[in-house]
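>>> generate a structure from the sequence data that follows.
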Amino acid sequence: MKKAKIYKPSKTAMQSGVKKFDKWIIEFITEQTGTNPLMGWESSSDTYSELKLEFKNKILAIEYAKKNNIDFEVIEPKARKMIKKSYADNFTK
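So this is what the prediction gives:
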């Protein structure tokens, strides 16, 4: 049986906006990894590990996984703390 994780990607440290992070992703987990003898890189013969599916919301991703008999784990996103800062705070302390 295929195993997958369903998650909402987080932004990188180089980004401040949240515009492109409203999609949920199914990423398949492979357990049959090995080392490529030529280059020494980690590789796998399982092509599902290269596949990432995007969905508009979590419910659609879960329905897809159930419909295709995929064993899945949902990873909920952490709440983002918003700290309001003012330029004047640099000089008042």
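>>> show me which helix or strand of the protein is least confident by mean pLDDT.
The weakest-scoring helix or strand in the chain, judged by mean pLDDT, DSSP states H and E, is strand 42-44 (a mean of 77).
>>> who does that one pair up with?
strand 33-35 (antiparallel) (DSSP bridges).
>>> I'd like the average pLDDT over the partner strand.
Mean pLDDT, computed over strand 33-35, is 79.
>>> contacting residues around that strand?
41-45 (CB atoms under 8 Å, 6 or more residues apart in numbering). Bear in mind the C-beta positions are built from the backbone N, C-alpha and C, glycine included.
>>> show me where pLDDT drops low in the chain?
Scanning the chain for pLDDT under 70 picks out the ranges 1, 15-20, 93.
>>> distance from the least confident helix or strand of the chain to the middle of the chain?
20 Å (CA atoms, centre = their mean, to the nearest Å).
>>> next, count neighbours for Ala65.
Each residue near Ala65 was counted by other CB atoms under 10 Å, and the total is 21.
>>> what's the following helix or strand after the least confident helix or strand of the chain?
Per DSSP states H and E, the first helix or strand lying C-terminal to strand 42-44 is strand 52-55.
>>> by contact count, what packs against the next helix or strand after that next one?
Per DSSP H and E, the first helix or strand lying C-terminal to strand 52-55 is helix 58-67. Applying 3 or more CB pairs under 8 Å, 6 or more residues apart in numbering; DSSP states H and E, we find helix 58-67 packed against strand 3-7, strand 24-29, strand 52-55, strand 71-75.
>>> quick one: contacts of helix 58-67?
With contacts defined as CB under 8 Å, 6+ apart, helix 58-67 is touched by 4, 6, 8, 24-26, 53, 55, 70, 72, 74.
>>> and the nearest residue to Phe55 once chain neighbours are set aside, how far from Tyr87?
The shortest distance from Phe55 to any non-neighbouring residue, by CB to CB, 6 or more residues apart in numbering, is to Ala61 (4.1 Å). According to CB to CB, to the nearest Å, Ala61 and Tyr87 sit 41 Å apart.
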